[in-house]
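**Student:** quick one: sequence and predicted model below, then my questions.
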Amino acid sequence: QSSKNIIFVVGHCASRNFRIIGMADDPVDIKPSIDKACHAPCKKFWDLYEACSERVNQAGKGNCSGWYHDYWACIDKCAAPRLFSKLK
C-alpha cells in the first residue's frame, strides 16, 4: 500500500510563485514536547547552569559549557525511553 500525500499549493502558475501550505500525513516531531516534560526532573542541572551563567556574565570571562552539557545529558536520559516507546 502506498500512502497518498496531498499538497496544497498557493500561487500563480504564470509566475511559478508557489508556496506549499500543508501536506496530509505530515510527521509530527514529539521530541520538543518530551524535552519540555523532562525539564522538571532535570531542573537542578538547569539551575546550576543558570547560576554559572550569572557568574560568567558578572566576571566577563569563562564559560558554562560543562553545566550546559550536564543539563542536556539529563534531558537525553529522561527523553530516550519516552521517545523510543513512541517509534514504530
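**Tutor:** Cool, got the structure.
**Student:** spell out the secondary structure type for the residue nearest the centre of the chain.
**Tutor:** By CA atoms, centre = their mean, the chain has its centre lying nearest to Pro32, at 3.9 Å. At Pro32 the chain is in helix, as set by DSSP: H, G, I helix; E, B strand; the rest coil.
**Student:** show the pLDDT at the residue lying closest to Leu83 once chain neighbours are set aside.
**Tutor:** Here the nearest residue to Leu83 in space, its sequence neighbours aside, is Ile34; by CB to CB, 6 or more residues apart in numbering that works out to 5.6 Å. Placement of C-beta: from N, CA and C, glycine included. Ile34 is assigned a predicted lDDT (pLDDT) of 93.
**Student:** so where's the chain shaky on pLDDT?
**Tutor:** Along the chain, segments meeting pLDDT under 70 span 1-25, 88.
**Student:** quick one, longest helix in it?
**Tutor:** Selection of the longest helix in the chain by residue count, based on DSSP state H, yields helix 65-86.
**Student:** and that helix, which residues are buried?
**Tutor:** Across helix 65-86, burial judged by 16 or more other CB atoms under 10 Å covers 67-68, 70-72, 74-75, 78-79.
**Student:** could you do stretch 42-61 as well?
**Tutor:** So, applying 16+ other CB under 10 Å, buried residues of stretch 42-61: 42, 45-46, 48-49, 52.
**Student:** which other residues reach it?
**Tutor:** Contacts of stretch 42-61 from elsewhere in the structure, counted by CB atoms under 8 Å, 6 or more residues apart in numbering, are 39, 62-64, 67-68, 70-71, 74-75, 78.
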